[in-house]
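J.: The sequence and its predicted three-dimensional model are supplied below.
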Amino acid sequence: MRLYEFQAKKILEGHGIKTPRGRVAYSPEEAGEIAEELGVPVAVKAQVLVGGRGLKGGVKFAENPEGARISAAHILSGAFKEQTVNGVLVEERVQVEAEYFASVAIDYQNKCPLVMASSRGGVDIERIASEHPDEIVREGVAGTAGLTDFQARRIAKMAGLKGRSILLFGAILKSLYSVLLEYDAILVEVNPLVSTPSGSFAAVDAKIVLDDNASFRHRELFSELGANVKVPTEGPGLRRALAVEAGIPTYMELAGDIGIISDGAGTGMLTLDLTKDFGVEPGVYCELGGRITPKLIEEAMRIVLSNENIRVLLVNLFGGLNRMDEMAKGITSFLTEQNRRVVADRSEIVVRMSGTLEEEGRAILRGAGVESFDNIYDAIEKAAELAGRG
């Protein structure tokens, strides 16, 4: 899960990294009030979970409260990469002497945290990595020792820092590393990390991506930091928000009309690939994270089938940790609630289940009029047929 910029900055502040003063506004009028309170030129920044805002008009600068109000009105009326903008971060505009890039991420190939730093901050770091890879310092971190003071200072020096700035930059790298570990993050990034005329550093932009599989360890964090995020009232944004609230680790909307619910990532990715092989275009991919409950199945069906584009729902369950009779109870519980029957009636439901107590699960589904299969190929073929592509 990627956090909003203002959420990421709150975490960084708690670990000693300075960020510009400001807060989130949900209307042009509120943006003007915040700018007036700050009493300085401000930046008005769209709060969306995608990058490239600056190139698409999602970051504007204002010299006064009226300018902030106008900028917020423009940003809040638009969208970025199909994401509705519900809020803008209004914060003081920082005086900049130099811009740097700093991040700590999980390097899955080498199975260790990876620290990256560069004196080419504030630009498309992916382009720099591709065209000028020598301008980005990369160092893996030993799992036993962690990021040491010496290693952090060495990275800072290699990135072009000098004098006292080496110590300050190194301390920031260590703070980013601490955030990565404490919050089960897979990426903690500051770009740009700017040096100011006073000799300090400030995180002008920040990005934190948390490991969805560890979300159960940070419920309070999501609740606390998400309290100020206005949930969309309709469309994909609402469904994604509902999925997060329900504890569903992966929910994505695609271009087709087949909804996929799987109990694990391996099962889900296999289903996704096979549906494409059968000429079926998935419209929703929903993965429940392995150890699941009947209630989670029920919630997932409610969310997926609230998308009116979904004509067929394919549920693929492979029972190792999960009992198939319990999973079947979750499916039938959804179907027997009258207020949800209306949603389900416009969509066909196909279930593949295999594993612990599968026969008992199939019997429960038969009683509810739901066809089930033990072979994934047969289930996908049936889903394709129902979608008119068989």
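T.: Nice, I can see it. Numbers count the residues shown, from 1 in each chain.
J.: can you give me the helices in the stretch 251-390 of the chain?
T.: 265-277, 294-305, 324-336, 338-345, 358-367, 376-386 (DSSP state H, counting those that start in this stretch).
J.: Rebuild the ones you listed as JSON lines, extending it with mean neighbour count, distance to V137 and mean pLDDT.
T.: Using the backbone N, CA and C atoms, a C-beta is placed for each residue, glycine as well. Below are those laid out as JSON lines (neighbours: other Cβ atoms under 10 Å; distance: least, Cβ to Cβ, whole Å; pLDDT from 0 to 100):
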{"stretch": "helix 265-277", "mean neighbour count": "16", "distance to V137": "32", "mean pLDDT": "91"}
{"stretch": "helix 294-305", "mean neighbour count": "22", "distance to V137": "43", "mean pLDDT": "94"}
{"stretch": "helix 324-336", "mean neighbour count": "21", "distance to V137": "48", "mean pLDDT": "93"}
{"stretch": "helix 338-345", "mean neighbour count": "12", "distance to V137": "52", "mean pLDDT": "54"}
{"stretch": "helix 358-367", "mean neighbour count": "17", "distance to V137": "53", "mean pLDDT": "95"}
{"stretch": "helix 376-386", "mean neighbour count": "19", "distance to V137": "46", "mean pLDDT": "94"}
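J.: Make TSV out of those helices and add distance to G51.
T.: Below are the helices of the stretch 251-390 of the chain laid out as TSV (distance: least, Cβ to Cβ, whole Å):
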stretch	distance to G51
helix 265-277	24
helix 294-305	26
helix 324-336	36
helix 338-345	34
helix 358-367	43
helix 376-386	34
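J.: So for A46, which of these sits nearest?
T.: Closest of these to A46 is helix 294-305, at 25.5 Å (criterion: Cβ to Cβ).
J.: Helix 324-336 and the closest one, what's the angle between them?
T.: 50 degrees (axes from the mean of the first three to the mean of the last three Cα atoms, to 10 degrees).
J.: helices and strands around helix 294-305, which ones?
T.: Other helices and strands packing on helix 294-305, by 3 or more Cβ pairs under 8 Å, 6 or more residues apart in numbering; DSSP states H and E, are helix 235-246, strand 258-262, strand 282-287, strand 312-319, helix 324-336, helix 338-345.
J.: Assign P20 to helix, strand or coil.
T.: coil (DSSP: H, G, I helix; E, B strand; the rest coil).
J.: Which residue is the nearest non-sequential neighbour of it?
T.: E91 (4.1 Å; Cβ to Cβ, 6 or more residues apart in numbering).
J.: How about residues contacting stretch 261-281?
T.: If you take Cβ atoms under 8 Å, 6 or more residues apart in numbering as the criterion, stretch 261-281 is touched by 250, 254-258, 260, 282, 285-290, 292, 297, 300-301, 304, 313-318, 322, 327, 376-377, 380-381, 383-384, 387, 389.
J.: what about that stretch, distance to the chain center?
T.: How far stretch 261-281 lies from its chain's middle: 21 Å, per Cα atoms, centre = their mean, to the nearest Å.
J.: Could you do stretch 246-265 as well?
T.: Averaging C-alpha positions (Cα atoms, centre = their mean) puts stretch 246-265 14 Å from its chain's average.
J.: Likewise for stretch 131-140?
T.: Here the centre of stretch 131-140 is set off from its chain's centre by 26 Å, with Cα atoms, centre = their mean.
J.: Likewise for stretch 1-14?
T.: For stretch 1-14, the distance to the chain centre is 12 Å (Cα atoms, centre = their mean).
J.: Also stretch 122-141?
T.: On Cα atoms, centre = their mean, the centre of stretch 122-141 falls 23 Å from that of its chain.
J.: Would you mind writing the CA trace of that stretch as CSV?
T.: The C-alpha coordinates for stretch 122-141 follow below in CSV (Å, rounded to 0.1, in the frame of the first residue of the first chain):
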residue,chain,number,x,y,z
GLY,A,122,14.1,16.6,-8.0
VAL,A,123,14.0,14.9,-11.5
ASP,A,124,12.8,11.7,-13.0
ILE,A,125,15.1,9.3,-11.1
GLU,A,126,14.1,6.4,-13.3
ARG,A,127,15.4,8.3,-16.3
ILE,A,128,18.7,9.2,-14.4
ALA,A,129,19.0,5.5,-13.4
SER,A,130,18.6,4.5,-17.1
GLU,A,131,20.7,7.2,-18.8
HIS,A,132,23.3,8.0,-16.0
PRO,A,133,23.4,5.0,-13.7
ASP,A,134,26.8,6.1,-12.4
GLU,A,135,25.2,9.1,-10.8
ILE,A,136,23.2,7.0,-8.3
VAL,A,137,25.0,5.4,-5.4
ARG,A,138,23.7,2.0,-4.5
GLU,A,139,24.7,-0.1,-1.4
GLY,A,140,23.1,-3.1,0.1
VAL,A,141,22.7,-3.3,3.9
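J.: Show residues contacting it.
T.: Against stretch 122-141 from outside (Cβ under 8 Å, 6+ apart): 99, 101, 104, 107, 110, 112-120, 147, 151, 154-155, 158-159, 177, 191-192, 194, 204.
J.: for the residue lying closest to K207 once chain neighbours are set aside, phi and psi?
T.: Spatially, and ignoring its direct neighbours in sequence, K207 is nearest to E189 (4.4 Å; Cβ to Cβ, 6+ apart). Main-chain torsions, E189, degrees, to the nearest 10: phi -140, psi 140.
J.: Quickly list what E189 is bridged to.
T.: S103, K207 (DSSP bridges).
J.: Name the spans of the stretch 1-150 of the chain whose pLDDT lies under the cut-off.
T.: 82, 123 (pLDDT under 70).
J.: Nice, that's everything, thank you.
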